[in-house]
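Colleague: sequence first, predicted coordinates after that:
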Amino acid sequence: MKKRVKAWIEAMRLRTLPASLAGVITAAGLAAHFGQFRTVPLLLCMLFALLAQISSNFANEYYDFRQGLDKKGREGFRRGVTEGDITPGAMKAALFLTLGVACCIGLSLTLYGGLWLIAVGVAIAVGVIAYSAGPYPLSQHGLGEVAAVVFFGLVPVNFTYYLCSGEWNVSVFLSSLALGLMISNIMIVNNYRDADDDRAVGKHTLAVMFGRRFTSTLYLINGYAAVALTFRLWYSRPAWLIAPAVYLLLHTLLWYRLTRTLGARLNPLLGMTAMLILTFSITFAIAVWQ
């Protein structure tokens with residue numbers, strides 16, 4: 001029983017879930033900054049984002065197993081279905097149950113933003129599956145990082161802000177792009193670690209297509225670009241300028257470690273990258289709130 005619970009927790013990939021929280025937290029700070037803070041839609045968006053990401057993680061594990069893209073003893077985190085800890089049927093059921101609950105929460109958000117948001121919810125649900133399955137799986141064609149920018153940066157920040165304010169904002173868009181670039185670094189670490197395994201099974205990630213040097217450089221650039229995109233808001237709060245400076249220092253140290261580490265030893269770096277992003281989003285939200 002204990003082993004089975006552990007397998008399900010691993011399938012949720014808790015180390016990466018800060019990515020879901022970061023988008024809503026960033027939007028909350030911006031909503032407060034522009035005098036548009038609303039508690040209920042923010043909480044609903046946070047729950048929706050968490051469930052959508054867990055659904056995506058379940059889908060990735062299930063469909064990668066079905067397509068033979070995972071193997072036992074892989075460098076990354078243990079895959080419950082591949083290792084036989086979770087049956088494929090149970091994972092598929094968990095995927096659609098979690099996605100179904102997320103969709104129900106998404107429907108409740110139409111009370112704040114209108115029925116047209118159903119189309120957005122459908123696009124997100126399709127994205128959850130399309131990342132790993134369908135006629136053109138995004139994760140297998142070098143588009144995983146792009147998907148991260150869209151679904152963890154642009155979509156949650158802009159639409160959460162819209163649900164609070166009923167309007168769009170250029171500063172919010174730039175902040176969402178910044179967050180998306182940072183969150184794509186989680187994908188970069190994952191694919192950098194798995195490059196050899198992915199190449200062996202014909203999975204075309206950026207790390208496979210362009211090599212580890214390219215993806216590690218992209219990791220570094222993304223962090224600096226994110227700070228540049230949000231610098232105007234940081235600059236308007238001089239007392240908080242230490243925050244992006246510390247972020248860049250830690251980000252650079254993580255990049256240095258990335259370039260000198262391979263295999264399973266990169267697993268902690270994935271969690272560190274996610275936590276650094278969450279810390280950045282919390283600090284940013286507090287800074288612009290004031």
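Modeller: The structure has been received and is ready for your questions. Everything numeric in this text was worked out from a predicted model, so none of it was measured.
Colleague: quick check: next helix or strand after the one helix or strand G100 maps to?
Modeller: With the criterion set as DSSP states H and E, the secondary-structure element containing G100 is helix 88-108. Later in the chain than helix 88-108, the nearest helix or strand by DSSP H and E is helix 110-113.
Colleague: E10 contacts G80, correct?
Modeller: Yes. Look at E10 against G80 with C-beta atoms under 8 Å: they come within range, at 6.2 Å. C-betas here are computed from N, CA, C, even on glycine.
Colleague: what about these two, which has more around it?
Modeller: Each of E10 and G80 had its neighbours counted (other C-beta atoms under 10 Å), and the higher figure belongs to G80 (22 against 19).
Colleague: pLDDT score for that one?
Modeller: In this prediction, G80 carries a pLDDT score of 70.
Colleague: just checking, what packs against the lowest-mean-pLDDT helix or strand in the chain?
Modeller: Considering only helices and strands, the least confidently modelled element of the chain by mean pLDDT, DSSP states H and E is helix 80-83, at a mean of 75. In terms of contacts (3 or more C-beta pairs under 8 Å, 6 or more residues apart in numbering; DSSP states H and E), helix 80-83 is packed against helix 2-12, helix 39-66, helix 88-108.
Colleague: isn't Q290 right next to R237, touching?
Modeller: Yes. Contact between Q290 and R237 holds when scored by C-beta under 8 Å: they sit 6.9 Å apart.
Colleague: the two: who's more crowded?
Modeller: Using other C-beta under 10 Å as the criterion, Q290 and R237 rank with R237 on top: 16 against 10.
Colleague: correct me if wrong: that one contacts A285.
Modeller: No. No contact is recorded between R237 and A285 when judged using C-beta under 8 Å, the distance being 11.7 Å.
Colleague: follow-up on the earlier one: quick one, the helix holding G100 and helix 2-12 angle?
Modeller: 50 degrees (axes from the mean of the first three to the mean of the last three C-alpha atoms, to 10 degrees).
Colleague: is it correct that A195 is in contact with F210?
Modeller: No. Counting by C-beta under 8 Å, A195 stays clear of F210, with 10.1 Å between them.
Colleague: neighbour-wise, which of these two wins?
Modeller: When A195 and F210 are compared on other C-beta under 10 Å, the one with more neighbours turns out to be A195, at 20 against 13.
Colleague: give the contact list for the more buried one.
Modeller: Taking C-beta atoms under 8 Å, 6 or more residues apart in numbering as the contact definition, A195 lies against T205, A207, V208, R212.
Colleague: just these: which are in strands?
Modeller: Mapping the contacts of A195 onto strands (DSSP state E) picks out no residues; all lie outside.
Colleague: which of these tops the neighbour count?
Modeller: Compared across these, A207 has the highest neighbour count, 29 neighbours, by other C-beta under 10 Å.
Colleague: list the residues that contact that one.
Modeller: Shown here is A207, whose contacts under the criterion C-beta under 8 Å, 6+ apart are I188, N191, Y192, D194, A195, D198, F214, T215.
Colleague: give me the pLDDT value at it.
Modeller: A207 is assigned 95 on the pLDDT scale.
Colleague: same check, this time on V5
Modeller: V5 is assigned 81 on the pLDDT scale.
Colleague: and the helices and strands packed on helix 80-83: which comes nearest G180?
Modeller: Relative to G180, the nearest member of those by C-beta to C-beta is helix 39-66, separated by 13.2 Å.
Colleague: could you tell me the angle between that closest one and helix 88-108?
Modeller: In terms of direction (the same axes, to 10 degrees), helix 39-66 departs from helix 88-108 by 160 degrees.
Colleague: that older thread, whichever of the contacts of A207 end up buried, select them in PyMOL.
Modeller: For anyone working in PyMOL, the buried entries among the contacts of A207, judged by 16 or more other C-beta atoms under 10 Å, can be selected with:
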select buried, resi 188+191+192+194+195+198+215
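Colleague: export the contacts of A207 to CSV and append columns for secondary structure.
Modeller: Rendered in CSV, the data for the contacts of A207 read as follows (DSSP: H, G, I helix; E, B strand; the rest coil):
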residue, secondary structure
I188, helix
N191, helix
Y192, helix
D194, coil
A195, helix
D198, helix
F214, helix
T215, helix
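Colleague: need the contacts of A207 in CSV (columns: distance to L233 and pLDDT).
Modeller: Listed next are the contacts of A207 as CSV, based on distance: C-beta to C-beta, whole Å; pLDDT from 0 to 100:
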residue, distance to L233, pLDDT
I188, 25, 97
N191, 30, 94
Y192, 30, 95
D194, 35, 91
A195, 36, 92
D198, 37, 88
F214, 30, 97
T215, 29, 97
